[in-house]
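Asks: Sharing a model that was predicted from the sequence below.
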Amino acid sequence: MRMFAEHTYVARRKKLRAEMKSGLLLFVGNDESSINFKDNCYPFRQDSTFLYFFGLDLPGLTAVIDVDEGREAIFGDDITVEDSIWTGSVPSIRELATQVGVDHVLPKSAVEKILRSAAAKRVHYLPPYRPENVLKISEWLSISKHEILANASVAFIKAVVNQRSFKSDEEVREIVRAVDVTAEMHLAVMQGAKAGSMEYALAGAAQGVAIAAGGQLSFPVILTINGQILHNHYHGNMLELGKMVLSDVGAETEMHYAGDLTRTFPVASRFSEQQREIYQIVFESYCGAVSDLKPGVLFRDVHLRACRRIAEGLKALGLMKGDLDEAVKQGAHALFFQCGLGHMMGLDVHDMEDLGEQYVGYTDELKKSTQFGLRSLRLGKSLEKDFVVTVEPGIYFIPELIDLWRAEKRHAEFINYSKLSKYSAFGGIRIEDDYLITELGSKLLGTSLPVSLRDIEDVRGSFQNG
């Protein structure tokens, strides 16, 4: 089990106590989750906030911080000798707790007693995303499971977001490790992609690289010739000449920090003329967005400028028309770019999304839009030094959406529907990289992966001729 040094976790909890001021802070770790019978489990994944403050990557743990008394405790049960027959011997929870600076270790059964004995103090907990943790909190605090989410502590959420949003140097190094492995995953896909190959073979190759590096996937593989489906996890298609492969994959290190990169490339060694035109628009939008990254800039504005660049490129091809500022304001570009430009990344590939996008990506003053397209932007607030964000513009030709908008004559003053028939089988293109916000701008994280038209074609040509 890899962890940071003891002082890292001690300092994180000290800062959290200072911000919260009073009450009990409840951290509910995750349990094993069965696939199809009790002892056949999915790969265990610890709760990210538990990892951030306590570092222990084991199932069945809970932690409590008494802010008023400055006491911290981890609750859990050591495995029995009979258990060790199946798992092998492991350090005791007390031994592990010492490594993260926690002196008090109590049995799992003591959690409820501790919480109830402090009835005069506010118990702060974060919104649970696993049903078993909903049931635990309901039982421990005598709250209806239907009230659990409504009673989650906003103060606790904001305090956690305020810390986890800013990545330390050691966290950045771990993210770079994840991004480097992610780049290797992409190169394995590019190397193996040939006409007649199956998507699932390439998806398996990508996952194999992640596992071989000592970690796992940071999210299920998106690898498809149908790139117009934004999160396409179906891998049953055969690669055909004339098609493109959209590969959106990420590695997670042993410490669970994430990488997340996307590349789109032709099944052939070169893009077709139509593919080149659309790819270049996405690439120019990507480059412009990267140049916009700097502290103090609203990421929502970076997104909207990226949308404007996409609209400009589509207008040059005759697919959009009219006043482009008004077109973007009204959301007409969302026929082609339906999602957000990027998101925070760290211990989660969509960092802290379990805590609520309204707290992670927005503020009390800056609210999330309800407009189609813009409402999918997970991050809107001002960028700050030491944020880690993704940048991922795209263009997607979704026949069903085009047919719907055409029938409704939606944004007809901005869209040349008569010219879209030539793109009905095009698919989609996305480019994505991961950036650290620095004092003056941004820094690309990890190994530089081919991204320009020329570099993509050079890689494809070398693999296909090798």
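Replies: Now that the structure is in, tell me what you want to look at.

Asks: max-length helix in the protein?
Replies: Secondary structure of the chain read by DSSP state H shows that its longest helix is helix 169-192.

Asks: what separates the helix or strand that that one is followed by from the chain centre, distance-wise?
Replies: Counting by DSSP states H and E, the next helix or strand C-terminal to helix 169-192 is helix 199-212. Chain-centre distance of helix 199-212: 19 Å, with C-alpha atoms, centre = their mean, to the nearest Å.

Asks: circling back: what angle sits between the longest helix of the chain and helix 199-212?
Replies: Comparing the axes of helix 169-192 and helix 199-212 via axes from the mean of the first three to the mean of the last three C-alpha atoms, to 10 degrees yields an angle of 150 degrees.

Asks: Could you check helix 169-192 and say which residues are buried?
Replies: Buried residues in helix 169-192, counting neighbours by 16 or more other C-beta atoms under 10 Å, are found at 171-172, 174-191. Where C-beta positions appear, they are placed from N, C-alpha and C, glycine not excepted.

Asks: Also stretch 312-332?
Replies: Buried positions in stretch 312-332, judged by neighbour count with 16+ other C-beta under 10 Å: 312-315, 319-322, 324, 327-328, 331-332.

Asks: a markdown table please, covering the residues you listed and showing distance to residue 65, secondary structure and pLDDT.
Replies: Formatted as a markdown table, the buried residues of stretch 312-332 follow (distance: C-beta to C-beta, whole Å; DSSP: H, G, I helix; E, B strand; the rest coil; pLDDT from 0 to 100):
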| residue | distance to residue 65 | secondary structure | pLDDT |
| --- | --- | --- | --- |
| 312 | 52 | helix | 98 |
| 313 | 51 | helix | 98 |
| 314 | 52 | helix | 98 |
| 315 | 55 | helix | 98 |
| 319 | 55 | coil | 98 |
| 320 | 54 | strand | 98 |
| 321 | 58 | coil | 98 |
| 322 | 57 | coil | 98 |
| 324 | 52 | helix | 98 |
| 327 | 51 | helix | 98 |
| 328 | 46 | helix | 98 |
| 331 | 44 | coil | 98 |
| 332 | 50 | helix | 98 |
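
Asks: of the residues you listed, closest to residue 260?
Replies: residue 313 (24.4 Å; C-beta to C-beta).

Asks: unless I'm mixing things up, that closest one is touching residue 283, no?
Replies: No - checked against C-beta atoms under 8 Å, the pair residue 313 and residue 283 is beyond contact range at 9.6 Å.

Asks: any idea where the helices of the stretch 351-466 of the chain begin and end?
Replies: According to DSSP state H, counting those that start in this stretch, the stretch 351-466 of the chain carries its helices in the segments 357-360, 399-408, 453-465.

Asks: Just name the most buried of the ones you listed.
Replies: Among the helices of the stretch 351-466 of the chain, helix 357-360 has the highest mean neighbour count (mean count of other C-beta atoms under 10 Å), at a mean of 18.

Asks: List every C-alpha atom in it, with coordinates, as CSV.
Replies: The C-alpha coordinates for helix 357-360 follow below in CSV (Å, rounded to 0.1, in the frame of the first residue of the first chain):
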residue,chain,number,x,y,z
GLU,A,357,-20.7,20.1,-9.2
GLN,A,358,-22.3,23.2,-7.6
TYR,A,359,-19.6,23.2,-5.0
VAL,A,360,-16.7,21.9,-7.0
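
Asks: pLDDT weak spots in the protein?
Replies: The chain contains residues with pLDDT under 70 at 464-466.

Asks: cutoff 80 now
Replies: 119, 463-466 (pLDDT under 80).

Asks: I figured residue 347 hits residue 50, correct?
Replies: No - contact between residue 347 and residue 50 fails when scored by C-beta under 8 Å: they sit 10.0 Å apart.

Asks: could the helices of the stretch 351-466 of the chain go into CSV alongside distance to residue 442?
Replies: Shown next, in CSV, are the helices of the stretch 351-466 of the chain (distance: least, C-beta to C-beta, whole Å):
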stretch, distance to residue 442
helix 357-360, 19
helix 399-408, 32
helix 453-465, 20
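
Asks: So which of those is nearest residue 77?
Replies: Nearest to residue 77, of all the helices of the stretch 351-466 of the chain, is helix 357-360, at 33.1 Å by C-beta to C-beta.

Asks: Tell me which helix or strand residue 248 sits in.
Replies: Taking DSSP H and E as the definition, residue 248 sits inside strand 244-249.

Asks: still on that earlier bit, ok, which of the helices of the stretch 351-466 of the chain comes nearest residue 158?
Replies: Closest approach to residue 158 among those is made by helix 357-360 (6.0 Å; C-beta to C-beta).

Asks: May I ask which two of the buried residues of stretch 312-332 are separated the most?
Replies: Top of the distance list for these (C-beta to C-beta): 313 and 331, 17.3 Å.

Asks: What is the nearest of the buried residues of stretch 312-332 to residue 138?
Replies: Of those, the one sitting nearest to residue 138 (C-beta to C-beta) turns out to be residue 331, at 40.5 Å.

Asks: thinking the closest one is in contact with residue 372, fair?
Replies: Yes - here residue 331 reaches residue 372: they are 5.8 Å apart, a contact under C-beta under 8 Å.
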